[in-house]
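Chemist: test case, fold it:
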Amino acid sequence: MTTVLCIAGHGLKPDGSFDSGATGYIKKGEHRYMKEDLFPAMKRHLPKGADVVFFSEHNVLHYKDLVKMANSYGKDTKVIEFHYDAFTPGSEDGHVIIWGNYKPDSLDLRLRDVIKEMVGLRFAAYGEKGISARTNLGNARMAAKGGVNYRLVELGFGTHKEEADILVNHVDEYAKKLVEAILNTKVESEAAPKPSAKPVVNKPKPVETTKPAAKPKKKTIDQMAAEVIAGKHGNGHDNRRKSLGISQAEYNKVSDKVNAHYGVKSEPVKASKSIDQMAREVINGEHGNGHDNRRKSLGVSQSVYNQVRDRVNEMAGGSSIPSKSIEEMAREVVYGKHGNGHAARQRSLGVNDATYRKVRDRVNQLM
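Modeler: Here you go, the predicted structure:
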């Protein structure tokens, strides 16, 4: 019996860092989505005795152990690496990536048909829509060199609202169809849970049968200060701010009130992260786009954010904060959107040398 090895893309690296993969509307990222949502749903639909294995313990690309792992289940093992896409807002549809010198086999085409049914298709190779033939992906290259039957599936776009909704709220349907494609047979669906009634985006308001409870009023600075004095929010500025669920700027006002109560001269409460740490997070795209969104995501006052912004500009050699994250730009380069050659790509992206080096490093990781 041929084993099918299903691998969650991205994940834990050998140096202990964690690569979440793309995020978009699915905030947990690709790796955790596969491990916590898709793979459990697929397991629910697997018939007893089906020779399908799921792996999500680490980043196979960085550990470079795909061929060894596949061969441990037998020389005829088939590998499917699961991802969802995210690089240009508004982009949509999925595809199956195969090694550029191979034609798609029956498993590739069955998986392609599932993607078509769920989200639609992009790209084409060997006369087959939804198939992408690539020679610049690390795992595909290692698999081809090691004689492993391999493909990478992109299930849709995490940056597309409707497709993110399908991936999250129709995961059981998607999972069942993927299992049927892998086994090339229909499977029973008694174990399937009821579809979620809560979509990720454009969530409709539930029909009210009774008068809804009034929305709790936001607490005043005085009320929050009184709670802190009473010990309701623990010890330490960072713990208290998180317990109150407020921004750093609001917490500074609460702290001033508490200090006034005890007759202590107020000093600004420092952010839990240094300016350098926050600046690097902004450069790496961890706080989205737009100054207001970034400041809110960081949870800092405008004055602190101004320092962060200045530091970002210094780190980036004087340029403004890039409109796209390093991850988005790297994926655009991988997909050939910015042409060939470092100089041409840098001009197309419109970034300085320091930022382009980060993009290039991420491209090398993805490949």
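Chemist: any regions of the stretch 101-250 of the chain where pLDDT drops low?
Modeler: Along the stretch 101-250 of the chain, the model assigns pLDDT under 70 to residues 189-217.
Chemist: could you pull out the strands for the stretch 201-350 of the chain?
Modeler: Taking DSSP state E, counting those that start in this stretch, the stretch 201-350 of the chain contains no strands at all.
Chemist: check contacts around residue 148.
Modeler: The contact partners of residue 148, taken as Cβ atoms under 8 Å, 6 or more residues apart in numbering, are 66, 67, 70, 71, 77, 79, 142. Where C-beta positions appear, they are placed from N, C-alpha and C, glycine not excepted.
Chemist: swap the cut-off to 10 Å and go again
Modeler: 5, 66-71, 75-79, 99, 139-140, 142 (Cβ atoms under 10 Å, 6 or more residues apart in numbering).
Chemist: what do you get for residue 348?
Modeler: Here residue 348 is in contact with 329, 332, 333, 337, 338, 339 (Cβ under 10 Å, 6+ apart).
Chemist: just the buried residues of the residues you listed.
Modeler: Among these, those classed as buried by 16 or more other Cβ atoms under 10 Å are 329, 332, 333, 338.
Chemist: tell me the one of those nearest residue 359?
Modeler: For the buried ones among the contacts of residue 348, the residue nearest residue 359 by Cβ to Cβ is residue 329; the value is 4.7 Å.
Chemist: surely the closest one touches residue 363?
Modeler: Yes. Using Cβ atoms under 10 Å, residue 329 is in contact with residue 363, at 8.7 Å.
Chemist: just give the closest residue to residue 344, not the sequence neighbours.
Modeler: Leaving aside its sequence neighbours, residue 344 sits nearest to residue 338 (Cβ to Cβ, 6 or more residues apart in numbering; 7.1 Å).
Chemist: so that neighbour sits against residue 359, correct?
Modeler: Yes. Using Cβ under 10 Å, residue 338 is in contact with residue 359, at 9.3 Å.
Chemist: shared neighbours, these two?
Modeler: In contact with both residue 338 and residue 359: 329, 332, 345, 346, 349, using Cβ under 10 Å, 6+ apart.
Chemist: could I get these as CSV with pLDDT and distance to residue 294?
Modeler: CSV is the format used below for those (pLDDT from 0 to 100; distance: Cβ to Cβ, whole Å):
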residue, pLDDT, distance to residue 294
329, 82, 17
332, 81, 21
345, 82, 25
346, 81, 24
349, 78, 20
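Chemist: identify the farthest-apart pair in these.
Modeler: Farthest pair in the shared contacts of residue 338 and residue 359, by Cβ to Cβ: 332 and 346, 12.4 Å.
Chemist: identify the contacts common to those two.
Modeler: Common neighbours of residue 332 and residue 346, using Cβ under 10 Å, 6+ apart, are 338, 359.
Chemist: so what's the residue count around residue 138?
Modeler: The number of residues packed near residue 138 is 16, by other Cβ atoms under 10 Å.
Chemist: same question, residue 66
Modeler: Residue 66: 23 surrounding residues under other Cβ under 10 Å.
Chemist: if we can go back for a sec, wait, what's in contact with the residue nearest to residue 344?
Modeler: 329, 332, 344, 345, 346, 347, 348, 349, 350, 359.
Chemist: what distance do you get for the last one to residue 345?
Modeler: I take that to be residue 359. With distances taken as Cβ to Cβ, to the nearest Å, residue 359 is found 8 Å from residue 345.
Chemist: which of those two has more neighbours?
Modeler: Using other Cβ under 10 Å, the more surrounded residue of residue 359 and residue 345 is residue 359, with 26 against 21.
Chemist: hang on, the more buried one in a strand?
Modeler: No. Assignment of residue 359 by DSSP: H, G, I helix; E, B strand; the rest coil gives helix, placing it outside any strand.
Chemist: so what's it closest to, chain neighbours aside?
Modeler: That would be residue 329: by Cβ to Cβ, 6+ apart, it lies 4.7 Å from residue 359.
Chemist: go on, residue 42?
Modeler: residue 175 is the one closest to residue 42 (Cβ to Cβ, 6+ apart), at 4.3 Å.
Chemist: can you check the pLDDT for residue 252?
Modeler: Per-residue pLDDT puts residue 252 at 83.
Chemist: report the separation between it and residue 51.
Modeler: From residue 252 to residue 51 the distance is 59 Å (Cβ to Cβ).
Chemist: between these two, who's got more neighbours?
Modeler: Per other Cβ under 10 Å, whichever of residue 252 and residue 51 has more neighbours is residue 252, with 22 against 14.
Chemist: does that one touch residue 225 like I think?
Modeler: No. Assessed by Cβ under 10 Å, residue 252 is found out of contact with residue 225, at 11.6 Å.
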